[in-house]
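Novice: quick one: sequence and predicted model below, then my questions.
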Amino acid sequence: MEKVIEAKSISKSFSGVKVIQDLSFFIRSGEIVGLLGPNGSGKTTTVRLLNGVITADAGHIRVVGLNPFTEGDTLRRRCGVLTESAGLYRELSGEENLLFFAQLYGIKNAVRRVKELLSDFQLTEHKDKKVSIYSTGMLKRLGIARALLHKPQILYLDEPTTGLDPEGARDLLEYIKNLNQKYNVTILLCTHLLKQVQTLCHRFIFIHKGQLLEEGTLQELEDKYLRELSLKVETDLSFHGQSFESYPILKKEPGAVVFRVQNKEAIPLLLRKILKKGPLYSAEICGRDLETLYFKVREAHKHE
């Protein structure tokens, strides 16, 4: 797949404070990429740089082959942005908001496009209600619909699940996934809520204090940073001592035991040994979630 976003050694300071420092990464067409880091790590500033809203002090950026700083107006017609505030007019209805922004974009067949988006985001029955009475989840969905009015090639989502309850966050992430699959939109999703996006993103970019810590797929991050694995096994067997068949026991629980294994290749042999002794109901690798990997990455880079 072609690279639609490419940033090389970009830096940005505000009032002498470095916010982005020598940051480089790329994003391929059709990917959902998570730009991950704590609040204040530079995620929003990175999006503003990519969209040409602000200029970098140093470095090189190309988005769909365009320079955001000199070709920003052309570029923004091919990109959509959802910020935390969403930029909606609260005294207008949902439909009126979309029609207003469609007019600004100069969209042909605006009524049909608005109707399509209201349907896609399950807002048709709420289209005549003022945005001021929309729930947080409805506001987020309407905000994404606004960002999609002009059928952008790239969509920037800045903390899209902030303020949502778990069910609302899950539903919104499902909308984002379907959006990527239906329209092949390339999505850069900025968030500090790692657990929510683990299964959504194709790749992850970790940044801290404006610097790149690591990037890769979940599998690539596992292979690099999980040097040992913990395996939780559900079984009725009782284990005595601190090991079983040379496998160290980390923890014993009612109906379960946690082993340390050197790698994934060692797991089938351990499970066969357990099955020879008694029943085995389930086995789960622990500590391979995105949040755990993030902290392992942070630990590995703490002296840099």
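Specialist: That came through, no problem. Bear in mind the structure is a predicted one, so any value in this text is a computation, not a measurement.
Novice: return the distance of stretch 273-281 from the chain's centre.
Specialist: 39 Å (CA atoms, centre = their mean, to the nearest Å).
Novice: and it, which residues are buried?
Specialist: By neighbour count on 16 or more other CB atoms under 10 Å, the buried set for stretch 273-281 is 274, 280. All C-beta spots, glycine's among them, are computed from the backbone N, C-alpha and C.
Novice: surely residue 205 is in contact with residue 212?
Specialist: Yes: assessed by CB atoms under 8 Å, residue 205 is found in contact with residue 212 at 7.0 Å.
Novice: any shared contact partners between those two?
Specialist: Residues touching both residue 205 and residue 212 (CB atoms under 8 Å, 6 or more residues apart in numbering) are residue 25.
Novice: so for the two, which sits in the more crowded spot?
Specialist: With neighbours defined as other CB atoms under 10 Å, residue 205 and residue 212 compare such that residue 205 has more, 23 against 18.
Novice: what's the following helix or strand after the host helix or strand of residue 62?
Specialist: Here residue 62, judged by DSSP states H and E, is contained in strand 58-63. Tracing the chain C-terminally past strand 58-63 and defining elements by DSSP H and E, one meets helix 72-76 next.
Novice: now do that next one, average pLDDT.
Specialist: Taken as a whole, helix 72-76 carries a mean pLDDT of 91.
Novice: so what's the nearest residue to residue 152 once chain neighbours are set aside up against?
Specialist: Among residues not flanking residue 152 along the chain, residue 80 sits closest, at 3.8 Å (CB to CB, 6 or more residues apart in numbering). Residue 80 is in contact with 147, 148, 149, 150, 152, 154, 155, 156, counting by CB under 8 Å, 6+ apart.
Novice: gap between residue 80 and residue 156?
Specialist: 7 Å (CB to CB, to the nearest Å).
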